[in-house]
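Novice: pasting the structure only:
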DNA sequence: GTCTATATCGGGATAGAC
DNA sequence: GTCTATCCCGATATAGAC
């Protein structure tokens, strides 16, 4: 654990917290400074403006939000194992960053132009994923299924319990946080079961 | 079409647009006034403050966001028909209000206390839904499945393509809006197929 | 009810001492 | 590099004429 406690790191950590909770428009430079335990002027010393500070955070957050599948897909494990591994890792990431999805989607709505640049930078290539699923369909491992729809289904099922936490916890679980936590851990096996049931070839 | 073009309606319509696009913190009273074609001072004449105006919009939006299932569930149609009807109506609503999900979830993060009041007002009762699904499981119509997980799965699959539109359209569809629209219409049958495949009893 | 003009204040940004 | 004090604009809100 290299706990570099220099000011820049402190600022970035605090800024990430505040921006993720409040969004760009709701975030206050004062609050970021307070949480970082430093002065407001220092923010402008390290990052010239609120926009600059935000960009540093957002780029990072967005890349984390994009499922890191390249690594998973190149292994030679069986398809269903890859699938389960992907669901596990993505849900783990969400547990550690529960605000990430709403933050990213809200901010992208605000200014979709930013996306263009990030797309260029990121080496994200959906084609690998597509062809992999097609291969499985051809091999007869799984039922015929459109790769994009399958991915969107899975990610949607993973994201919603985190994005909708206040609603679900409030309405369905009568605000019992413990019950909701239990529900979240259950989802790993539930999503896997649901997906595999749907696409596995029947005997 | 009773096109009541009195100022209050004009304001509410404009406010809904702006708040849904920008969120509370990003919305500007000036922009709302402009879009309504009236003066900024008039906003404060009808609604005392930005908060008041927002509350009027949010309550409405939130109730729309909650899937209106009560009516569907009381019919005596077969289970799978109810299911398909639910998916169709929910996706139709989202097509007409694409910003709704991100808006609601972002704003609820900002101040979850508001939820409490709305819960009290709304007559939403998840118990009916729960017991209905349980009944189907018992009757052997569908595989054993936890009702809450099933609902969360379905709603997640419906919501994500709308919330993540800029991302999906940008990354997967190379910013071709037409292709993405086609994808969205496909989802009706894809989600139904995916769900039914997963829970239907095998012969 | 609807407007113009203005008060008030919060928050991003800068100056300048140390 | 870090602080205090201050500038200054933009945005909500109000006063008051018509």
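Specialist: That came in fine, so what should we check first? Bear in mind the structure is a predicted one, so any value in this text is a computation, not a measurement.

Novice: where are the low-confidence patches of chain A?
Specialist: A:1-4, A:119-120, A:203 (pLDDT under 70).

Novice: what does it have sitting close to DNA strand C?
Specialist: A:27-30, A:40-41, A:44, A:48-51 (Cβ under 7 Å from any atom of the strand). C-betas here are computed from N, CA, C, even on glycine.

Novice: Counting neighbours, which of those end up buried?
Specialist: A:27, A:29, A:50 (16 or more other Cβ atoms under 10 Å in any protein chain shown).

Novice: The last one contacts residue A:29, doesn't it?
Specialist: In this case it means residue A:50. Yes - counting by Cβ atoms under 8 Å, residue A:29 is a contact partner of residue A:50 at 6.0 Å.

Novice: tell me the contacts of the residue nearest to the spatial centre of chain A?
Specialist: Residue closest to the mean C-alpha point of chain A, counted by Cα atoms, centre = their mean, is residue A:65 at 3.2 Å. Going by Cβ atoms under 8 Å, 6 or more residues apart in numbering or on different chains, residue A:65 touches A:100-101, A:104.

Novice: Could you report the separation of it from DNA strand D?
Specialist: 28 Å (Cβ to the nearest atom of the strand, to the nearest Å).

Novice: Output the buried ones among the residues of chain A next to DNA strand C in JSON lines; the columns should cover distance to residue B:148 and secondary structure.
Specialist: Output for those, formatted as JSON lines (distance: Cβ to Cβ, whole Å; DSSP: H, G, I helix; E, B strand; the rest coil):
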{"residue": "A:27", "distance to residue B:148": "34", "secondary structure": "coil"}
{"residue": "A:29", "distance to residue B:148": "41", "secondary structure": "helix"}
{"residue": "A:50", "distance to residue B:148": "41", "secondary structure": "helix"}
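
Novice: Show me which of those is closest to residue A:141.
Specialist: Comparing those against residue A:141 with Cβ to Cβ places residue A:27 closest, at 46.7 Å.

Novice: what sits against the closest one?
Specialist: A:15, A:18-19, A:21, A:50, A:54.

Novice: let's see 10 Å
Specialist: Residue A:27 makes contact with A:15, A:17-21, A:50, A:53-54, A:57, B:25, according to Cβ atoms under 10 Å, 6 or more residues apart in numbering or on different chains.

Novice: Now, the residues you listed that are in helices?
Specialist: Counting by DSSP state H, the contacts of residue A:27 place A:15, A:17-21, A:50, A:53-54, A:57, B:25 in helices.

Novice: What are the buried residues along the top helix by length along chain A?
Specialist: Longest helix in chain A by number of residues, with DSSP H as the criterion: helix A:177-199. For helix A:177-199, a neighbour-count test (16+ other Cβ under 10 Å) marks A:180, A:183-184, A:187-188, A:190-192, A:194-195, A:197-199 as buried.

Novice: what number of residues lie near residue A:42?
Specialist: 15 (other Cβ atoms under 10 Å in any protein chain shown).

Novice: residues contacting the closest residue to it other than its chain neighbours?
Specialist: The shortest distance from residue A:42 to any non-neighbouring residue, by Cβ to Cβ, 6 or more residues apart in numbering or on different chains, is to residue A:7 (6.3 Å). Residue A:7 is in contact with A:36-39, A:42-43, A:45-46, counting by Cβ under 10 Å, 6+ apart.

Novice: So chain A: which segments form each domain?
Specialist: Under automatic domain parsing, the residue ranges defining each domain of chain A are A:7-57, A:66-199.

Novice: Isn't residue A:98 up against residue A:181?
Specialist: No - using Cβ atoms under 10 Å, residue A:98 is not in contact with residue A:181, being 11.2 Å away.

Novice: still on that earlier bit, any chance of the contacts of residue A:65 in a markdown table, plus distance to DNA strand D, secondary structure and neighbour count?
Specialist: Formatted as a markdown table, the entries for the contacts of residue A:65 read as follows, by distance: Cβ to the nearest atom of the strand, whole Å; DSSP: H, G, I helix; E, B strand; the rest coil; neighbours: other Cβ atoms under 10 Å in any protein chain shown:
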| residue | distance to DNA strand D | secondary structure | neighbour count |
| --- | --- | --- | --- |
| A:100 | 27 | helix | 19 |
| A:101 | 27 | helix | 24 |
| A:104 | 23 | helix | 23 |
